[in-house]
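Participant: Prediction below, plus the sequence it came from.
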Amino acid sequence: MSPSAHPSGSPPRLVHIVDDVPELEDVTGLPMVVALDGFLDAGSAGARACKHLVRTGSPAPDGGGVVVATFDVDQLHDYRARRPPMTFARDHYEGYEAPRLVVRLLHDTGGAPYLLLHGPEPDIRWEAFCRAVLEVVERFDVALVVSIGSVPMAVPHTRPIAITHHANNPELLKGTSPWRGELRVPSSAQALLEVRLGDWGHDAQGFVAHVPHYLAQLDYPRASQALLEQVELAARLTIDLSDLGVLAEEREEEIARYLAANDEVRDVVTALEQQYDTFARAEEEGSSLLAQEEPLPTGEEIGRQFEQFLAGLEGPEETGGGRE
């Protein structure tokens, strides 16, 4: 029976879980990484990180791993809001790229298994989606869910990438959060999943990379690398990040060449560096991060110029926006 087929009068199943997965027969306490498209992905950090995991997490030459669960996207996706691409070839349509929301079985460099939930963030039925993920968590005895994402921030690319760590269990948190008080932020299916898993007694945590706002619309592999380093620590995995490191260095060199030829843009980045260092000193001294009221440069001041400069450097395989 297909995932969408159902007896008359009963609701269709939202997820189809593969019953026979020999590689997981005696495995317990799996970690599962979650990276959903559509939200919290400045610099395509999550998308590229996910693509890297899919490519490197399988012994097959092209990667991919084994799909162990498939969600019925028709029940979750708003096709008019996010229209899947297809090809018009001279006189007919072909090559329809249907959205896929799946869980893959992957392995780290040491052969340790882990799961990866990736695909488009559900547009509707978030609560039902969370219950469907719970089925996957309990079926495969997932011990920890780790989500990744990124947001644009007024920070310079010349400083270390900051990471916001969050979790539904305080024991999972490492270090002290730089945030004070409460923030009202737009919700996401990924964030709600963390909350609901906590309600149901399952550990979940996540990491959000702070991407320079003027690079938020571009591919920024350095942020992807930083996120996967956190995944390694949290999920106790070993991931080969050498390819991402090379891409990150290449992008940094491209940005440096652009700044060297554009004094006005370089001045804006310098102002961000001064602001960042002021905040860092205030944090070390225990004073308010907002002790000095300095203007925040907007990403529009330099973002558009960076886009024009780097657009020609983005090949079809370098955008990082697609998932395998």
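Facilitator: That came in fine, so what should we check first?
Participant: what about the strands in the stretch 51-200 of the chain?
Facilitator: Secondary structure of the stretch 51-200 of the chain, counting by DSSP state E, counting those that start in this stretch: strands at 66-71, 87-89, 92-94, 102-107, 113-120, 142-153, 163-167.
Participant: want to throw those into a markdown table with distance to Ala128?
Facilitator: In short, each C-beta sits where N, CA and C put it, glycine included. Shown next, in a markdown table, are the strands of the stretch 51-200 of the chain (distance: least, Cβ to Cβ, whole Å):
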| stretch | distance to Ala128 |
| --- | --- |
| strand 66-71 | 10 |
| strand 87-89 | 33 |
| strand 92-94 | 31 |
| strand 102-107 | 16 |
| strand 113-120 | 15 |
| strand 142-153 | 18 |
| strand 163-167 | 23 |
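Participant: now for the ones you listed, which one comes closest to Pro12?
Facilitator: Nearest of those to Pro12, taken as Cβ to Cβ: strand 66-71 at 11.4 Å.
Participant: Just the C-alphas of that closest one, formatted as PDB.
Facilitator: This file holds the C-alpha atoms of strand 66-71, laid out as PDB (Å, rounded to 0.1, in the frame of the first residue of the first chain):
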ATOM      1  CA  VAL A  66      19.300   4.200   2.200                       C
ATOM      2  CA  VAL A  67      15.900   5.800   2.600                       C
ATOM      3  CA  VAL A  68      14.200   4.300   5.700                       C
ATOM      4  CA  ALA A  69      11.200   6.600   5.900                       C
ATOM      5  CA  THR A  70       9.200   8.700   3.400                       C
ATOM      6  CA  PHE A  71       6.700  11.400   4.200                       C
END
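Participant: what's around Gly65, how many residues?
Facilitator: Gly65: 24 surrounding residues under other Cβ atoms under 10 Å.
Participant: Contact partners for it?
Facilitator: With contact taken as Cβ atoms under 8 Å, 6 or more residues apart in numbering, Gly65 is in contact with Val54, Gly57, Ser58, Arg104, Leu105, Leu106, His107, Leu116.
Participant: try 10 Å
Facilitator: Contacts here follow Cβ atoms under 10 Å, 6 or more residues apart in numbering; on that basis Gly65 touches 53-59, 102-107, 113-116, 324.
Participant: likewise Leu116?
Facilitator: Counting by Cβ under 10 Å, 6+ apart, Leu116 makes contact with 31-35, 50, 53-54, 57, 65, 68, 102-106.
Participant: With Val133 instead?
Facilitator: Val133 makes contacts with 14-15, 32, 34, 69, 71, 103, 117, 142, 145, 189, 193, 196-197, 202, 204, as judged by Cβ under 10 Å, 6+ apart.
Participant: circling back: adding distance to Glu250 and mean pLDDT, write the strands of the stretch 51-200 of the chain out as JSON lines.
Facilitator: Converted to JSON lines, the strands of the stretch 51-200 of the chain look like this (distance: least, Cβ to Cβ, whole Å; pLDDT from 0 to 100):
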{"stretch": "strand 66-71", "distance to Glu250": "32", "mean pLDDT": "95"}
{"stretch": "strand 87-89", "distance to Glu250": "30", "mean pLDDT": "96"}
{"stretch": "strand 92-94", "distance to Glu250": "34", "mean pLDDT": "96"}
{"stretch": "strand 102-107", "distance to Glu250": "26", "mean pLDDT": "96"}
{"stretch": "strand 113-120", "distance to Glu250": "25", "mean pLDDT": "96"}
{"stretch": "strand 142-153", "distance to Glu250": "19", "mean pLDDT": "95"}
{"stretch": "strand 163-167", "distance to Glu250": "22", "mean pLDDT": "94"}
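Participant: Give me the phi and psi angles of the residue nearest to Pro221 when sequence neighbours are not counted.
Facilitator: Here the nearest residue to Pro221 in space, its sequence neighbours aside, is Leu247; by Cβ to Cβ, 6 or more residues apart in numbering that works out to 4.0 Å. The phi and psi values for Leu247, taken as degrees, to the nearest 10, are phi -60, psi -40.
Participant: Verify the contact between Leu247 and Arg222 for me.
Facilitator: Yes. In this structure, Leu247 is within contact of Arg222 by Cβ atoms under 10 Å, at 8.4 Å.
Participant: before we move on, back to that, wait, which of the strands of the stretch 51-200 of the chain is closest to Gln217?
Facilitator: Of these, nearest to Gln217 by Cβ to Cβ is strand 142-153, at 8.7 Å.
Participant: In PDB, list the C-alpha atoms belonging to that closest one.
Facilitator: Coordinates of each C-alpha in strand 142-153 appear next as PDB, following Å, rounded to 0.1, in the frame of the first residue of the first chain:
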ATOM      1  CA  VAL A 142      16.500   7.400  18.200                       C
ATOM      2  CA  ALA A 143      18.200   8.700  21.300                       C
ATOM      3  CA  LEU A 144      19.000  12.300  20.200                       C
ATOM      4  CA  VAL A 145      17.600  14.600  17.500                       C
ATOM      5  CA  VAL A 146      20.000  17.400  16.400                       C
ATOM      6  CA  SER A 147      18.700  20.100  14.100                       C
ATOM      7  CA  ILE A 148      20.800  22.700  12.200                       C
ATOM      8  CA  GLY A 149      20.000  26.100  10.700                       C
ATOM      9  CA  SER A 150      21.400  29.600  10.200                       C
ATOM     10  CA  VAL A 151      20.200  33.200  10.500                       C
ATOM     11  CA  PRO A 152      21.500  36.500   9.100                       C
ATOM     12  CA  MET A 153      23.200  38.700  11.700                       C
END
